[in-house]
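> Coordinates for the following, if possible.
(chains A, B and C)
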Amino acid sequence: MTAPANAITLADAEQFLYREARLADEGRYDEWEALWTDDALYWVPVADSTDTDERISIICDHRSRIALRVAQLKTGKRHSQDPRSAVARLISNIEIVGHDTDGTRTQATFVAVESRARGITIWAGRVEHTLVQDNDRILMSRKQVRLVNADQPLPTLAFLI
Amino acid sequence: MTAPTPSSGSRYQRLIEDDRVHGSLYTDPAVFADEMERIWYRTWVYVGHESEIPEPGDYVVKSIGPQSIIMSRDRQGGVHLLLNRCSHRGNQLCEARRGNTGALRCQYHGWTFGPDGALLGYPFRQGYGPDTPKSGLGLGRVPRTDAYQGFVFGSFAEEGPTLLEHLGSAREALDRVARLSPLGRVELTAGWLRHEVRANWKMLVENETDGYHPQFVHSSIFEVGESHVAEVYSEKSAATARDLGGGHTEHDLRPQFRHIDVPLAWFGTTEQRLPDYCRAMRERHGDTTAREILVDGSPHIMIFPNLFIAEIQLFVIQPLAVDRTVQHVTPLQFAGAPDLNRRLLHQVSGSVGPAGFLLADDSEMYERNQRGVAARLPEWLVLRRGLNREHIDADGHLAGAATDETTQRAIWRHIRTLLTEECPA
Amino acid sequence: MDETVENEFASVTVAVDEAGNDRRLRVRDNRTGRVAWFDALLLETFVWTPESELRALLDPSRHRWTADPAPEGEPR
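You can find the predicted model right below:
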């Protein structure tokens, strides 16, 4: 794998992923939404689904639906996030797995611990990002979350995974 | 674990009144055990759709309440409902959720069964001698299986009402769904979301035709998204809440959409956005009938006890314990309508499931409701809304306004009948 | 080209074998490594085999898991 001269470095990618995780954990919705490009896809598939047009997804948000999701959270009446879940997430094993015309692709492993009245829920899985350099900032055009239990019944998942 | 002692029918006469029900009905494990025996292992329960097993040898693993059920298709095309338990030592036979096979072979000791559940053989037959008859050693079968419009139901009762008797007027809703396909066929091919809630199954059943909650539970999405749902469930709506008998309830939205009189308004889209689908519908039905079908739209019906068709998606409600329920949901897909299907799939992905704009909040309410109802006082839940204005409609059904509790009362009347009737031993 | 055909109960690899004077299918049981070849006539025979005989073949005791001696010249 030969990185283009202006490619995103592992260190920069790590900083982006940590920041994205922190904004989601803290419910800083506007700042989190601002990390997305206009052609974004936020995808949480069921089990081994490979096609967003053939199989239903847990989340399959293009850019306008990401905005809708954030707007709903911000109404203060999204009961499943009112009160907001307390979330602490670790993101680790970060690798750059490719550079192409779409951007720099990363893979990582995450564990998120969510606390609500129903109790503690542990979420874990693999996450893939496509990162793009936009002048002096990094944005994400794609985030795909493969939950370890995506083939099992899941409890409500209303925070930003 | 000891099984709770069955309660006598008179207990339920006391706990279920015409306009109020006792909180313990949602929280008492003994009630749940009675419900399994007298409702779920007796009445017709929806299991799966024939389109999920299109080919000979196809099978899917489904459920009737906590029971795991294999729905299989044999080489002659027959559909079977088998219990997912090896007849030898009780091992679970299928681990995969779906597949295709000419036989089911238990991974524990190799006993092998046909798609009809018949025992084909076991390894090392010499250990059984000549007089172990294979005929009595097949898989457990759901005693009665029948289908309507491809919707497959099973009943654990050897005798009782036929499926068509059980469905009654609700069968028309299944006809309405099928008629939305240019080829007259529903297909459930877009996969399933499985969403588990810590709540009693009846909270879900009652909520499916509760027109009183959307303005409150879903106000966040009504505020930021475009939706006709808020109008449908307002005091000004022409829609009605109907008791179809047999515990089946619906919101008949047709009056409201006939009032709007725009094809596909029920789906929040227009003919211009789905030209291929609308052309195919006109070719099949003619201009006038096609327009009527596209104005009326898809039903919103809760077929007791577990099949909920909500216009664009289908839910299956699976009770696991008194306070644990899984909702399985898939987009409706229609044969001969690829452009409609794609739009349905994406809309459903947004609305339902663990992260859905709508269902995450419904599910939050189910869980809060379960926690709340555990409180000792005031003991009863009040189901009086619309008692003052319900009426018999032109079809002979008890009907109320869209936001009325005519539907919840209908569900409870039927539950009371089932829980108090003498059960065959 | 090798194709894997499998379900949750069995897994085989199927290939068209050109080693003989006519093409035939080579089928390998991936769980044991055992291999068998099926020529056109044998496959045609399967196409004409009634359901009842196929079901009889699926009896695990019939050939594979049995204490009966193998037919002469056959591996067990």
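> Could you pull up the residues touching residue 39?
Unless you meant another one, I'm taking chain A. A:Arg63, A:Ser141 (C-beta atoms under 8 Å, 6 or more residues apart in numbering or on different chains). The C-beta positions use only the backbone N, C-alpha and C, and glycine is treated the same way.
> The intended chain is chain C.
C:Gly20, C:Asp22, C:Arg24, C:Leu25.
> One more: A:Glu54?
So A:Glu54 contacts B:Ala190, B:Gly191, B:Leu345 (C-beta under 8 Å, 6+ apart).
> among those residues, which are in reach of chain A?
Counting by C-beta under 8 Å from any C-beta of the partner chain, B:Ala190, B:Gly191, B:Leu345 from the contacts of A:Glu54 sit close to chain A.
> Turn those residues into JSON lines, including secondary structure.
Formatted as JSON lines, the ones next to chain A among the contacts of A:Glu54 follow (DSSP: H, G, I helix; E, B strand; the rest coil):
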{"residue": "B:Ala190", "secondary structure": "coil"}
{"residue": "B:Gly191", "secondary structure": "coil"}
{"residue": "B:Leu345", "secondary structure": "helix"}
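> out of those residues, which one sits closest to C:Leu54?
B:Gly191 (31.5 Å; C-beta to C-beta).
> Tell me the spacing between that closest one and C:Glu8.
Per C-beta to C-beta, to the nearest Å, B:Gly191 is found 18 Å from C:Glu8.
> do the same with B:Leu82
15 Å.
> Most neighbours among the ones next to chain A among the contacts of A:Glu54, please name it.
B:Leu345 (25 neighbours; other C-beta atoms under 10 Å in any protein chain shown).
> Would you confirm that that one contacts B:Pro331?
Yes: under the criterion of C-beta atoms under 8 Å, B:Leu345 makes contact with B:Pro331 at 4.9 Å.
> Quick one: residues contacting whichever residue of chain C sits closest to chain A.
Across chain C, no residue is closer to chain A than C:Glu8, which sits at 13.7 Å (C-beta to the nearest C-beta). With contact set as C-beta under 8 Å, 6+ apart, C:Glu8 has these partners: B:Cys94, B:Glu95, B:Ala96, B:Gly99, B:Thr101.
> how about low-confidence regions in chain C?
Residues of chain C meeting the criterion pLDDT under 70: C:75-76.
> next one: chain A
In chain A (pLDDT under 70), the answer is A:1-3, A:5-6.
> just how off-centre is the top helix by length along it within its chain?
Using DSSP state H, we find that the single longest helix of chain A is helix A:10-25. Distance, stretch centre to chain centre, for helix A:10-25: 10 Å (C-alpha atoms, centre = their mean, to the nearest Å).
> Show me what that helix is packed against.
Helix A:10-25 is packed against helix A:29-33, strand A:86-100, strand A:103-116, strand A:119-134, strand A:137-147, with contacts defined by 3 or more C-beta pairs under 8 Å, 6 or more residues apart in numbering or on different chains; DSSP states H and E.
> tell me the SS of the residue of chain C closest to chain A?
coil.
> Apart from its chain neighbours, what residue comes closest to it?
In this structure, C:Glu8 finds its nearest non-sequential neighbour in B:Ala96, 4.2 Å apart by C-beta to C-beta, 6 or more residues apart in numbering or on different chains.
> A:Ser80 is in contact with A:Ala117, isn't it?
No: here A:Ser80 lies out of contact with A:Ala117, judged by C-beta under 8 Å, at a distance of 11.0 Å.
> Run through who's touching the longest helix of chain A.
A:8, A:31-32, A:35, A:87-89, A:91, A:94-96, A:104, A:106, A:108, A:110, A:112, A:129, A:131, A:138, A:140, A:159-161.
> which bits of chain C sit near chain B?
C:7-10, C:51, C:54-56, C:58-62, C:64-68.
> Got a PyMOL select line for the buried ones in these?
What follows is the PyMOL syntax for the buried subset of these, where burial is set by 16 or more other C-beta atoms under 10 Å in any protein chain shown:
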select buried, chain C and resi 7+8+9+55+58+59+60+61+65+66
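> quick one: secondary structure of the residue nearest to C:Glu8?
coil.
> Count residues in the vicinity of residue 12, would you?
Answering for chain A, as no chain was given. For A:Asp12, using other C-beta under 10 Å, the count is 15.
> I was after chain C.
Residues near C:Val12, counting by other C-beta under 10 Å: 16.
> next one: C:Trp37
Neighbours around C:Trp37, by other C-beta under 10 Å: 12.
> A strand includes it, no?
Yes: counting by three-state DSSP, C:Trp37 is found in a strand.
> Just the CA atoms from stretch A:28-43 would do, formatted as CSV, please.
Taking C-alpha atoms only, stretch A:28-43 is exported to CSV below (Å, rounded to 0.1, in the frame of the first residue of the first chain):
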residue,chain,number,x,y,z
ARG,A,28,-22.6,17.3,21.0
TYR,A,29,-24.9,16.8,18.1
ASP,A,30,-24.1,19.8,15.9
GLU,A,31,-20.4,19.3,16.2
TRP,A,32,-20.8,15.6,15.4
GLU,A,33,-23.0,16.3,12.4
ALA,A,34,-20.5,18.8,11.1
LEU,A,35,-18.0,16.0,10.7
TRP,A,36,-19.9,14.6,7.8
THR,A,37,-19.4,15.3,4.1
ASP,A,38,-22.4,16.1,1.8
ASP,A,39,-22.3,12.6,0.2
ALA,A,40,-22.3,10.8,3.6
LEU,A,41,-23.5,7.3,4.5
TYR,A,42,-23.9,6.2,8.1
TRP,A,43,-24.6,2.5,8.0
